[in-house]
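Engineer: Below: sequence and its predicted model.
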2 protein chains.
Amino acid sequence: MVLTFVGLGLWEESDISMKGIEAVMKADKIYAEFYTSKMSCDVVDLEKFFKKEINILSRSDLEEGSRKIVEEARERDVVILVPGDPMVATTHSAIVLEAIKMGVEVGIIHNASIVSAVCGLTGLHNYRFGKSATVSWHPSRVPVDVIFQNRSIDAHSLLFLDLHPPMSIEEAIGRLVEIDDEIADLYAVGIARAGSREATVRCDRAEKLRKFDFGDTPHTLIFLAKTLHFMEYECLKVLANAPEELEKAVR
Amino acid sequence: MVLTFVGLGLWEESDISMKGIEAVMKADKIYAEFYTSKMSCDVVDLEKFFKKEINILSRSDLEEGSRKIVEEARERDVVILVPGDPMVATTHSAIVLEAIKMGVEVGIIHNASIVSAVCGLTGLHNYRFGKSATVSWHPSRVPVDVIFQNRSIDAHSLLFLDLHPPMSIEEAIGRLVEIDDEIADLYAVGIARAGSREATVRCDRAEKLRKFDFGDTPHTLIFLAKTLHFMEYECLKVLANAPEELEKAVR
């Protein structure tokens, strides 16, 4: 019997892979978690799409209740549907470890993640991203420290915004500036609704982005490295309406 | 008319998403490039899968010949099939810019990328990865510099290995150690055939990994940050057979 994590990708039902659909169709029991990321489709859409019953997992089912799911996977094929690419959210590794220790085979069917999708949306080069961090409602210096650590090695910073409840770019920048007002002057890129046809991408100094209307969440934020590759600058101008003055950052 | 980049994901035909299949089915002309990454399926497999003719693009078609493809997309719907997630390879951004400047609509259908897949394969936390780099046959200090820059902010380093021809983990470590022999002592994780059922993942000091038989390429290499989260260590033990002594790195 196998416990298979199936990535749902970024946005809607049709983002699942053929391999993912095959795993769902063969499964005896299907779970889904929407805790670690926000998509436009919900469990009702997915049940309609697969014509199968799907059980929603809460955060505590995933964490403290993981043993129950693993026990179940000893007897029958279990699928856990996960937004994005499974395991990018650190929450899932506890279940994987538990399963392997109990002798249950684990499968992962990968899918798109915001981590790589931001490159297509912004034109920023993947190899130039440094560490990422989350701006959460719970105040923390970590995202500000990560931005400056990454700048020290000339790397971009990808920031995830809290989802419970969803935080906007405006709110995130407000929180970062409160911790360190140098943040206001830095160039950043705001991304709303990545993976949908209505994605919005905009580049400017943080204090200006803060006033831009990105529309509905989910939102994501990138702080730029000290320098840009000229192709990154060209892409940001065309894809994110970056100001001409950013050209000074091109090395 | 639309120029759509469709990500093929990591390994085989069935890694494509439903949305990707729909785009291929509607397209008037289909191209594929296998230059930027190596999959187990080739153009013959994909033609059989889609029952449509597919034209292979070389590196020069993608770079100097991009205008021709964009011109074509003014008249009819064109799809370019790309391994992994489109745009993670920087080669593609030139075509996107050209298309937008010529008024051709561009679509991106995201898919799994090695960039996020390594988290599932190793249990390493995504937010702790720093910049990445490529170890190429052309000698360069860049990957070594990136490893030490990332270590300075306690971040992991993801290294892509040259594909033309495919470089093994053994060869890559050999080249890195030649540039700086301190590399031999660092802990690293080798990954072979990510996204396939026969993926191999192994963690040890670089000098030891060098002697481990990872089997067929493609290979990928990660150099670990100075410290590990305890869950990262637990996962590396179970998923990558990491030595007990690595526990000292847990902070």
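Structural biologist: Yep, that arrived.
Engineer: Model confidence for A:L62, exactly?
Structural biologist: The model reports A:L62 with a pLDDT of 83.
Engineer: repeat for the one 4 residues further on
Structural biologist: The model reports A:S66 with a pLDDT of 87.
Engineer: Identify the residue nearest it in space, chain neighbours excluded?
Structural biologist: Closest residue to A:S66 apart from its sequence neighbours, by C-beta to C-beta, 6 or more residues apart in numbering or on different chains: A:I95 at 4.3 Å. Quick note: C-beta positions are derived from backbone N, CA and C, even for glycine.
Engineer: elements contacting the host helix or strand of the one you found?
Structural biologist: Element membership of A:I95 [criterion: DSSP states H and E] is helix A:93-101. Helix A:93-101 makes packing contacts with strand A:2-7, helix A:66-75, strand A:105-109, helix B:230-240 when contacts are defined by 3 or more C-beta pairs under 8 Å, 6 or more residues apart in numbering or on different chains; DSSP states H and E.
Engineer: Buried ones in that helix, by neighbour count?
Structural biologist: Along helix A:93-101, these residues count as buried under the neighbour rule (16 or more other C-beta atoms under 10 Å in any protein chain shown): A:S93, A:A94, A:I95, A:V96, A:L97, A:E98, A:A99, A:I100.
Engineer: swap in stretch A:228-248?
Structural biologist: Going through stretch A:228-248 with 16+ other C-beta under 10 Å, the ones that come out buried are A:228-229, A:231-240, A:242, A:246.
Engineer: okay, and for chain A, where does confidence drop off?
Structural biologist: When residues are selected by pLDDT under 70, none of them lie in chain A.
Engineer: Against the centre of it, work out the most remote residue.
Structural biologist: A:E75 (32.3 Å; C-alpha atoms, centre = their mean).
Engineer: Could you pull up the residues touching it?
Structural biologist: Taking C-beta atoms under 8 Å, 6 or more residues apart in numbering or on different chains as the contact definition, A:E75 lies against A:M1.
Engineer: what residues go with each domain of chain A?
Structural biologist: With automatic domain parsing as the criterion, the domains of chain A are listed as A:2-109, A:114-249.
Engineer: hang on, isn't A:R141 packed against A:R175?
Structural biologist: No: in this structure, A:R141 sits apart from A:R175 without contact. The criterion is C-beta atoms under 8 Å, and the distance is 10.7 Å.
Engineer: Dump the helices and strands packed on helix A:93-101 to CSV, plus distance to A:D15.
Structural biologist: Formatted as CSV, the entries for the helices and strands packed on helix A:93-101 read as follows, by distance: least, C-beta to C-beta, whole Å:
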stretch, distance to A:D15
strand A:2-7, 9
helix A:66-75, 24
strand A:105-109, 12
helix B:230-240, 26
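Engineer: quick one, which of those is nearest to B:L124?
Structural biologist: With C-beta to C-beta as the criterion, B:L124 lies closest to helix B:230-240 of the helices and strands packed on helix A:93-101, at 5.4 Å.
Engineer: Which other helices and strands does that closest one contact?
Structural biologist: The elements that helix B:230-240 packs onto, with contact taken as 3+ C-beta pairs under 8 Å, 6+ apart, are helix A:93-101, helix B:114-122, strand B:200-205.
Engineer: so that helix versus strand B:200-205, what angle?
Structural biologist: The directions of helix B:230-240 and strand B:200-205 differ by 120 degrees, with axes from the mean of the first three to the mean of the last three C-alpha atoms, to 10 degrees as the criterion.
Engineer: what's next to helix B:230-240, contact-wise?
Structural biologist: Residues contacting helix B:230-240 (C-beta under 8 Å, 6+ apart): A:90, A:93-94, A:96-97, A:100-101, B:121-125, B:128, B:189, B:201-203, B:228, B:242, B:244, B:246-247, B:249-250.
Engineer: sorry, back to before: using a markdown table, lay out the helices and strands packed on helix B:230-240 together with distance to B:K211.
Structural biologist: Putting the helices and strands packed on helix B:230-240 into a markdown table (distance: least, C-beta to C-beta, whole Å) gives the following:
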| stretch | distance to B:K211 |
| --- | --- |
| helix A:93-101 | 26 |
| helix B:114-122 | 20 |
| strand B:200-205 | 9 |
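Engineer: tell me the contacts of the closest residue to A:L158 other than its chain neighbours?
Structural biologist: The shortest distance from A:L158 to any non-neighbouring residue, by C-beta to C-beta, 6+ apart, is to A:S132 (4.1 Å). A:S132 makes contact with A:V115, A:V146, A:S157, A:L158, A:L159, A:F160, B:N126, B:Y127, B:F129 under the criterion C-beta under 8 Å, 6+ apart.
Engineer: Mind checking which of those residues land in strands?
Structural biologist: For the contacts of A:S132, membership in strands holds for A:S157, A:L158, A:L159, A:F160, B:F129, with DSSP state E as the criterion.
Engineer: Identify, from the residues you listed, the entry nearest to A:S196.
Structural biologist: Distance ranking of those against A:S196, using C-beta to C-beta, places A:F160 first at 17.0 Å.
Engineer: Closest one of the contacts of A:S132 to B:D42?
Structural biologist: After measuring the contacts of A:S132 against B:D42 - C-beta to C-beta - the closest member comes out as A:V115, at 27.4 Å.
Engineer: surely the closest one meets B:V115?
Structural biologist: Yes: contact status for A:V115 versus B:V115: in contact at 5.9 Å, counting by C-beta under 8 Å.
Engineer: Can you tell me what sits against stretch A:48-60?
Structural biologist: A:13, A:21, A:24-25, A:27, A:29-35, A:41, A:43, A:46-47, A:65, A:69, A:80-81, A:91.
Engineer: Select only the buried ones of those residues in ChimeraX?
Structural biologist: Command for ChimeraX, covering only those of the contacts of stretch A:48-60 found buried under the criterion 16+ other C-beta under 10 Å:
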select /A:13,21,24,27,29,30,31,32,33,34,35,41,46,69,80,81,91
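Engineer: Pull out whichever of the contacts of stretch A:48-60 are also neighbours of chain B.
Structural biologist: A:E13, A:I21 (C-beta under 8 Å from any C-beta of the partner chain).
Engineer: The contacts of stretch A:48-60 in strands, which ones?
Structural biologist: In this view, the contacts of stretch A:48-60 that belong to strands under DSSP E are A:K29, A:I30, A:Y31, A:A32, A:E33, A:I80, A:L81.
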